[in-house]
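J.: no FASTA, just this:
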(Lines give C-alpha, C1' and ligand atoms only; values in the text may rest on other atoms or scores of the structure.)
Protein backbone atom coordinates (compact mmCIF):
# COMPACT_ATOMS: atom_id res chain seq x y z
CA UNK A 1 0.00 0.00 0.00
CA UNK A 2 2.86 2.36 0.77
CA UNK A 3 4.34 1.72 -2.66
CA UNK A 4 1.06 2.62 -4.37
CA UNK A 5 0.77 5.76 -2.24
CA UNK A 6 4.35 6.80 -3.01
CA UNK A 7 3.88 6.17 -6.73
CA UNK A 8 0.69 8.24 -6.72
CA UNK A 9 2.51 11.11 -5.02
CA UNK A 10 5.37 10.82 -7.51
CA UNK A 11 3.06 10.81 -10.54
CA UNK A 12 1.06 13.79 -9.27
CA UNK A 13 4.22 15.76 -8.52
CA UNK A 14 5.86 14.86 -11.84
CA UNK A 15 2.78 15.77 -13.87
CA UNK A 16 2.34 18.99 -11.90
CA UNK A 17 5.94 20.11 -12.48
CA UNK A 18 5.73 19.18 -16.18
CA UNK A 19 2.56 21.22 -16.62
CA UNK A 20 4.08 24.14 -14.72
CA UNK A 21 6.93 24.26 -17.23
CA UNK A 22 4.58 24.55 -20.21
CA UNK A 23 4.17 27.95 -21.86
CA UNK A 24 0.38 28.08 -21.74
CA UNK A 25 -1.58 29.66 -18.91
CA UNK A 26 -4.18 26.99 -18.39
CA UNK A 27 -1.64 24.17 -18.25
CA UNK A 28 0.20 26.13 -15.56
CA UNK A 29 -3.05 26.39 -13.59
CA UNK A 30 -3.65 22.66 -13.97
CA UNK A 31 -0.06 21.98 -12.84
CA UNK A 32 -0.55 24.09 -9.71
CA UNK A 33 -3.74 22.19 -8.95
CA UNK A 34 -2.01 18.82 -9.32
CA UNK A 35 0.83 19.97 -7.06
CA UNK A 36 -1.64 21.12 -4.42
CA UNK A 37 -3.30 17.68 -4.50
CA UNK A 38 0.11 16.05 -4.12
CA UNK A 39 0.89 18.23 -1.12
CA UNK A 40 -2.47 17.35 0.45
CA UNK A 41 -1.76 13.64 0.06
CA UNK A 42 1.72 14.15 1.49
CA UNK A 43 0.26 15.88 4.55
CA UNK A 44 -2.10 12.95 5.06
CA UNK A 45 0.78 10.49 4.79
CA UNK A 46 2.98 12.44 7.20
CA UNK A 47 0.18 12.52 9.78
CA UNK A 48 0.18 8.71 10.19
CA UNK A 49 -3.56 8.39 9.86
CA UNK A 50 -5.13 5.54 11.79
CA UNK A 51 -8.27 3.96 10.36
CA UNK A 52 -11.17 3.75 12.80
CA UNK A 53 -9.49 5.66 15.65
CA UNK A 54 -11.29 8.63 17.18
CA UNK A 55 -9.72 12.08 17.02
CA UNK A 56 -10.47 12.72 20.70
CA UNK A 57 -7.77 11.75 23.20
CA UNK A 58 -8.80 9.69 26.20
CA UNK A 59 -11.74 7.66 24.92
CA UNK A 60 -9.70 4.71 23.67
CA UNK A 61 -6.16 3.43 23.88
CA UNK A 62 -5.11 4.96 20.53
CA UNK A 63 -6.28 8.14 18.91
CA UNK A 64 -5.83 9.81 15.54
CA UNK A 65 -3.97 13.07 15.11
CA UNK A 66 -6.50 15.71 13.96
CA UNK A 67 -3.83 18.21 12.87
CA UNK A 68 -3.12 16.74 9.38
CA UNK A 69 -6.85 16.58 8.69
CA UNK A 70 -7.28 20.23 9.66
CA UNK A 71 -4.26 21.26 7.58
CA UNK A 72 -5.56 19.43 4.50
CA UNK A 73 -9.04 20.88 4.89
CA UNK A 74 -7.58 24.38 5.10
CA UNK A 75 -5.32 23.68 2.11
CA UNK A 76 -8.27 22.48 0.04
CA UNK A 77 -10.24 25.66 0.72
CA UNK A 78 -7.26 27.93 0.01
CA UNK A 79 -6.36 25.93 -3.11
CA UNK A 80 -9.89 26.21 -4.48
CA UNK A 81 -9.95 29.98 -3.91
CA UNK A 82 -6.51 30.37 -5.50
CA UNK A 83 -7.51 28.27 -8.51
CA UNK A 84 -10.73 30.24 -9.04
CA UNK A 85 -8.86 33.54 -8.86
CA UNK A 86 -6.11 32.43 -11.25
CA UNK A 87 -8.63 31.04 -13.75
CA UNK A 88 -10.50 34.36 -13.84
CA UNK A 89 -7.22 36.24 -14.15
CA UNK A 90 -6.08 33.97 -16.99
CA UNK A 91 -9.41 34.33 -18.81
CA UNK A 92 -9.15 38.12 -18.61
CA UNK A 93 -5.59 38.03 -19.92
CA UNK A 94 -6.54 35.62 -22.72
CA UNK A 95 -9.38 37.86 -23.84
CA UNK A 96 -7.29 41.03 -23.78
CA UNK A 97 -4.16 39.55 -25.37
CA UNK A 98 -6.04 37.14 -27.68
CA UNK A 99 -3.77 34.22 -26.79
CA UNK A 100 -3.00 31.85 -23.95
CA UNK A 101 0.78 32.21 -23.74
CA UNK A 102 2.37 32.87 -20.36
CA UNK A 103 4.45 35.83 -21.60
CA UNK A 104 1.54 37.33 -23.52
CA UNK A 105 3.35 36.75 -26.79
CA UNK A 106 2.72 33.95 -29.23
CA UNK A 107 6.06 32.54 -30.45
CA UNK A 108 4.37 31.24 -33.64
CA UNK A 109 3.67 34.82 -34.78
CA UNK A 110 7.41 35.58 -35.00
CA UNK A 111 7.87 32.94 -37.70
CA UNK A 112 5.35 34.52 -40.09
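T.: The structure has been received and is ready for your questions. Worth saying up front: this structure is predicted, and the values here are computed from it rather than measured. Residues are numbered from 1 along each chain as shown.

J.: Residue 64: what secondary structure?
T.: Here residue 64 is recorded as coil under DSSP: H, G, I helix; E, B strand; the rest coil.

J.: Now it: closest residue in space that isn't a chain neighbour?
T.: If the residues on either side of it in the chain are set aside, residue 64 comes closest to residue 53, at 4.3 Å by CB to CB, 6 or more residues apart in numbering. Every C-beta, even on glycine, is put in place using the N, C-alpha and C of the backbone.

J.: And for the one you found, the neighbour number?
T.: 14 (other CB atoms under 10 Å).

J.: got the contact list for residue 19?
T.: 27-28, 30-31, 34 (CB atoms under 8 Å, 6 or more residues apart in numbering).

J.: Tell me how far it lies from residue 32.
T.: 8 Å (CB to CB, to the nearest Å).

J.: ok, the spatially most central residue of the chain - contacts?
T.: The centroid of the chain falls nearest to residue 36 when counting by CA atoms, centre = their mean (1.8 Å). Counting by CB under 8 Å, 6+ apart, residue 36 touches 75, 79, 82-83.

J.: Quick one: which of the residues you listed is the most crowded by neighbours?
T.: Neighbour counts for these (other CB under 10 Å) peak at residue 79, which has 18 neighbours.

J.: what are the phi and psi angles of that one?
T.: phi -60, psi -40 (degrees, to the nearest 10).

J.: ok so, going back, so which of the contacts of residue 36 is the closest to residue 62?
T.: The closest of these to residue 62 turns out to be residue 75 (CB to CB; 25.5 Å).

J.: where are the low-confidence patches of this protein?
T.: 49-50, 55-60, 63, 104, 106-112 (pLDDT under 70).
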